[in-house]
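Undergrad: Any chance you could fold what I've pasted below:
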Amino acid sequence: MKIAVVGSINMDMTVAADRIPTKGETVFGTDLKYVPGGKGANQAVAASKLGADTAMYGCVGDDAAGEQLLENLREQGVDESKIKIVPGVPTGIAVITVADKDNVIVVVPGANGRVDTDYVDSILDELLKSDMVLLQHEIPQETVEYVIGKCAAEGVPVVMNPAPARPVSQETVDKVSWITPNETEAAIIFGDRPIDEMLADYPNKLVVTLGSDGTAAADGETLLRVPARKSEVVDTTGAGDTFNAAFAVRCAAGDSLEDALHYANTAGGLSTEKYGAQGGMPTDAEVRRAMETE
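TA: Below is the predicted model:
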């Protein structure tokens, strides 16, 4: 199966600390690493590790970080041949503080802001050959909606992860195959109301991720609550990206909704047991072994 990801490509500056500082506070860090990231690139690497033929579409700057990120995608088996290198614009960067088995993140978009509709037109023929397209909110909203419209017109299914949180139009919700917000994002998009009510309104479209409580969805007849995998958490960075990639891969493969969610929850849980967004992403074999022992 062919999975395409249109989205962000960042260099993550990850700082480990004993705890996350409060407003105005300075704390000492215990470690500093520069690791490949960006929600889009994370999803592409996760899908590739899970066995999908994966292509990444996006932009990087003409700097050392951009070169390193392109090389990393190649090493991870992702087709990066259509990524645009933008002169004079820095590659996107995310500053991540990891502590207390959680994280806080500040993203500077850089070249990700150049993933515009003209760029999409330049790669559209290849994009529309995909079995599934993955999107997130670290590129311009206009571009996200443009890709969704083009895919909908040609019958190409789309999984949209609406993170970071921002409002999404009803037209966009109607056109995507799946939308996968967390609880905060769901409230912004669908209003502050019970999750089960949202799910009932959008069967076989809405999946709400609930952190340690797993995921919730509706298949038209049943409200599904699929528990999270019990994991020895080291770093949650990239867990949501792993979940979304795994969900997209299994939906493209024809799994039932419940089976796809079980697989994706397991993959996301496994990804938290190692440091770094991409470093902990599991292979298909690792996910299936973990599912056998649950």
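Undergrad: could you check the distance from Val208 over to Trp178?
TA: Distance, Val208 to Trp178, by CB to CB, to the nearest Å: 11 Å. No exception for glycine: its C-beta is placed from N, CA and C like everyone else's.
Undergrad: Could you do Asp116 as well?
TA: For Asp116, the distance to Trp178 - CB to CB - is 24 Å.
Undergrad: Give me the more crowded residue out of these two.
TA: Trp178 (23 against 15; other CB atoms under 10 Å).
Undergrad: partner residues bridging that one?
TA: Trp178 has these beta-bridge partners by DSSP bridges: Val159.
Undergrad: Isn't Glu80 up against Leu73?
TA: Yes: assessed by CB atoms under 8 Å, Glu80 is found in contact with Leu73 at 4.1 Å.
Undergrad: So for these two, which sits in the more crowded spot?
TA: Leu73 (26 against 21).
Undergrad: which stretches of the stretch 151-294 of the chain form strands?
TA: Using DSSP state E, counting those that start in this stretch, the strands of the stretch 151-294 of the chain run over residues 158-160, 178-179, 207-209, 215-218, 223-226.
Undergrad: In TSV: those strands, plus distance to Val120 and mean pLDDT.
TA: Formatted as TSV, the strands of the stretch 151-294 of the chain follow (distance: least, CB to CB, whole Å; pLDDT from 0 to 100):
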stretch	distance to Val120	mean pLDDT
strand 158-160	13	98
strand 178-179	20	98
strand 207-209	25	97
strand 215-218	29	96
strand 223-226	33	93
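Undergrad: Confidence-wise, which helix or strand of the chain is lowest on average?
TA: strand 102-108 (a mean of 85; mean pLDDT, DSSP states H and E).
Undergrad: what element comes up after that one heading to the C-terminus?
TA: Where DSSP states H and E defines the elements, the next helix or strand beyond strand 102-108 is helix 117-127.
Undergrad: Flag every buried residue along that next one.
TA: Tyr119, Val120, Ile123, Leu124, Leu127 (16 or more other CB atoms under 10 Å).
Undergrad: Remind me what that helix packs against, helices and strands.
TA: Where contact means 3 or more CB pairs under 8 Å, 6 or more residues apart in numbering; DSSP states H and E, helix 117-127 is packed against strand 2-6, strand 53-57, helix 141-154.
Undergrad: Which secondary structure elements does the second one sit against?
TA: Contact analysis of strand 53-57 by 3+ CB pairs under 8 Å, 6+ apart lists strand 2-6, helix 39-49, helix 117-127 as its packing neighbours.
Undergrad: Distance to Asp62 and mean pLDDT added to the ones you listed, as a markdown table?
TA: A markdown table is the format used below for the helices and strands packed on strand 53-57 (distance: least, CB to CB, whole Å; pLDDT from 0 to 100):
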| stretch | distance to Asp62 | mean pLDDT |
| --- | --- | --- |
| strand 2-6 | 21 | 98 |
| helix 39-49 | 17 | 97 |
| helix 117-127 | 15 | 98 |
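Undergrad: Of these, give the one that comes closest to Asp241.
TA: helix 39-49 (3.6 Å; CB to CB).
Undergrad: can you give me the angle that closest one makes with strand 53-57?
TA: 170 degrees (axes from the mean of the first three to the mean of the last three CA atoms, to 10 degrees).
Undergrad: tilt between helix 39-49 and strand 102-108?
TA: Using the same axes, to 10 degrees, the inter-axis angle of helix 39-49 relative to strand 102-108 is 120 degrees.
Undergrad: chain center to helix 39-49: distance?
TA: Relative to the centre of its chain, helix 39-49 is centred 7 Å away, using CA atoms, centre = their mean, to the nearest Å.
Undergrad: okay but Ser145 is in contact with Thr172, surely?
TA: You called it Ser, but residue 145 is Glu. Yes: between Glu145 and Thr172 there is a contact under CB under 8 Å: 5.5 Å.
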